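3D, please:
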Amino acid sequence: MEWRAKNFSFRFPRRPLVMGILNVTPDSFSDGGNFLNPKSAADRAFQMVEEGADILDIGGESTKPGATPVGEAEELRRLLPVIERLAGQFPIPISVDTRKARVAQAVLEAGASLINDIEAVRGSESMWRTVAEAGAGYVAMHMQGTPQTMQLDPTYGDVVSEIGGFFSETLTRMKQVGVEPERVALDPGIGFGKTVDQNLKLLTGLDAYRKYHRPIVLGVSRKSFLGKISGGGSGERLSAALACTVFTAARGGSVFRTHDVLETVRALRMWEALAGQEETR
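Residues are numbered from 1 along each chain as shown. Reported below is the predicted structural model:
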């Protein structure tokens, strides 16, 4: 299995990838306001690369529950100075977390290689055509509702199978507009229109998505469901997130999106060493 994003390529099976989160927003739930200055954002990006990040994921619009949307111009004002500082500076791809096709086009032209789209449940195909034309990589994430409504009353019959249906339909529709499956990774959208119980069912049922033969992206870092189970505020959920990470790495998790790059890299290295020992017994 291969995942391609412009000139970058990842072949699986391999150790899981770590995607470092860099939010250049004033209101993201965990690191909002920390990296508004392009220099401080770039410094954090280089730090994450040194810590072992395989991908950088830069966001210019908060998508936490209840977040206020921002316009294209403001999102680009936040993103472009950072991308222009970072493009070509290290041998890993830059991903941009956006749901707007015009923003995607601009950041791909500026040097990004990958689009992480929380709104892959979409009617319009303009985003996908942009991705196809650029030869970019793409993360198709499932979200029920919008950031403003997603946590009001998320309801599913069978959350694992319904999101599997979304994956199947999305891969088919994207191929029809020119996005090769090799460019796509799939994200069940932990915390995006899911209750605590639904999140747990997705994490424990991850094996069901192996049949799509695409990398599975998981973002559990600092999310509220961790605190509801284990306790702690957004800055006190690392141990719970690492538990989810190593648990799902054994069940098909391919890419882990995290604020805590160094700790996640170390946890996955330890899991990989243990898994390798198991295979040789």
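
report the buried residues of stretch 56-68.
56-65, 67 (16 or more other C-beta atoms under 10 Å). C-beta coordinates here come from the backbone N, C-alpha and C atoms, glycine included.

typed the wrong thing, it's stretch 253-268
For stretch 253-268, burial by neighbour count (16+ other C-beta under 10 Å) applies to 253-265, 267-268.

list the contacts of that stretch.
Contacting residues not belonging to stretch 253-268 are listed as 12, 15-21, 30-31, 48, 51-55, 57, 116, 139, 185, 206, 215-222, 238, 241-242, 245-246, 249 [C-beta atoms under 8 Å, 6 or more residues apart in numbering].

if I look at the residue lying closest to Lys100 once chain neighbours are set aside, how far off is Met141?
Once flanking residues are discounted, Lys100 sits nearest to Glu72: 5.6 Å by C-beta to C-beta, 6 or more residues apart in numbering. The gap separating Glu72 from Met141 is 20 Å, by C-beta to C-beta, to the nearest Å.

neighbour count for these two, which is higher?
The neighbour comparison of Glu72 against Met141 (other C-beta atoms under 10 Å) goes to Met141, with 26 against 15.

tell me the contacts of Leu238?
222, 260, 263.

distance of it from Ala275?
Leu238 is 22 Å from Ala275, by C-beta to C-beta.

can you check the pLDDT for Arg210?
Per-residue pLDDT puts Arg210 at 96.

so it makes contact with Gly252?
Yes: at 5.1 Å, Arg210 counts as touching Gly252 under the criterion of C-beta atoms under 8 Å.

so which of these two has more stuff around it?
Counted by other C-beta under 10 Å, Arg210 and Gly252 do not tie: Gly252 has more neighbours, with 16 against 12.

now the more buried one, what are its backbone angles?
Dihedral pair for Gly252: phi 110, psi 0, per degrees, to the nearest 10.

helices of the chain, start to end?
38-51, 72-86, 101-110, 126-134, 159-176, 196-204, 224-230, 238-249, 261-280 (DSSP state H).

redo those as CSV? Include mean pLDDT and distance to Asn7.
Formatted as CSV, those follow (pLDDT from 0 to 100; distance: least, C-beta to C-beta, whole Å):
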stretch, mean pLDDT, distance to Asn7
helix 38-51, 95, 17
helix 72-86, 96, 16
helix 101-110, 98, 12
helix 126-134, 97, 11
helix 159-176, 97, 20
helix 196-204, 96, 32
helix 224-230, 92, 36
helix 238-249, 96, 27
helix 261-280, 88, 23
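
neighbours of Phe90, how many?
The number of residues packed near Phe90 is 15, by other C-beta under 10 Å.

hang on, the earlier thing: narrow the contacts of stretch 253-268 to just the buried residues.
16-21, 30-31, 48, 51, 53-55, 57, 116, 139, 185, 206, 215-222, 238, 241-242, 245-246, 249.

okay, and which of those residues map to strands?
With strands defined by DSSP state E, the entries of these inside them are 17-21, 55, 57, 116, 139, 185, 216-218.

who touches the spatially closest residue to Pro81 that is not a sequence neighbour in this structure?
Closest residue to Pro81 apart from its sequence neighbours, by C-beta to C-beta, 6+ apart: Pro38 at 4.1 Å. Residues in contact with Pro38 (C-beta under 8 Å, 6+ apart) are 24, 81-82, 85.

recalculate using a threshold of 6 Å.
81-82, 85 (C-beta atoms under 6 Å, 6 or more residues apart in numbering).

how much space separates it from Leu56?
For Pro38, the distance to Leu56 equals 14 Å [C-beta to C-beta].

can you check Ile92 too?
Counting by C-beta to C-beta, the gap from Ile92 to Leu56 is 7 Å.

check Met174 too.
23 Å.

ditto for Pro69
Separation of Pro69 from Leu56 (C-beta to C-beta): 23 Å.

output stretch 122-138 as PDB, nothing but the C-alphas.
Taking Å, rounded to 0.1, in the frame of the first residue of the first chain, the C-alpha atoms of stretch 122-138 are listed here in PDB:
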ATOM      1  CA  ARG A 122     -19.300  17.000   1.100                       C
ATOM      2  CA  GLY A 123     -21.600  17.600  -1.900                       C
ATOM      3  CA  SER A 124     -19.300  19.800  -3.900                       C
ATOM      4  CA  GLU A 125     -16.400  18.200  -5.700                       C
ATOM      5  CA  SER A 126     -14.300  21.400  -6.000                       C
ATOM      6  CA  MET A 127     -11.900  20.400  -3.300                       C
ATOM      7  CA  TRP A 128     -11.300  17.000  -4.800                       C
ATOM      8  CA  ARG A 129     -10.700  18.600  -8.200                       C
ATOM      9  CA  THR A 130      -8.100  20.900  -6.700                       C
ATOM     10  CA  VAL A 131      -6.400  18.000  -5.000                       C
ATOM     11  CA  ALA A 132      -6.400  16.000  -8.300                       C
ATOM     12  CA  GLU A 133      -5.000  18.900 -10.400                       C
ATOM     13  CA  ALA A 134      -2.100  19.500  -7.800                       C
ATOM     14  CA  GLY A 135      -1.300  15.800  -7.500                       C
ATOM     15  CA  ALA A 136      -1.600  16.300  -3.700                       C
ATOM     16  CA  GLY A 137      -2.300  13.900  -0.900                       C
ATOM     17  CA  TYR A 138      -5.600  14.000   0.900                       C
END
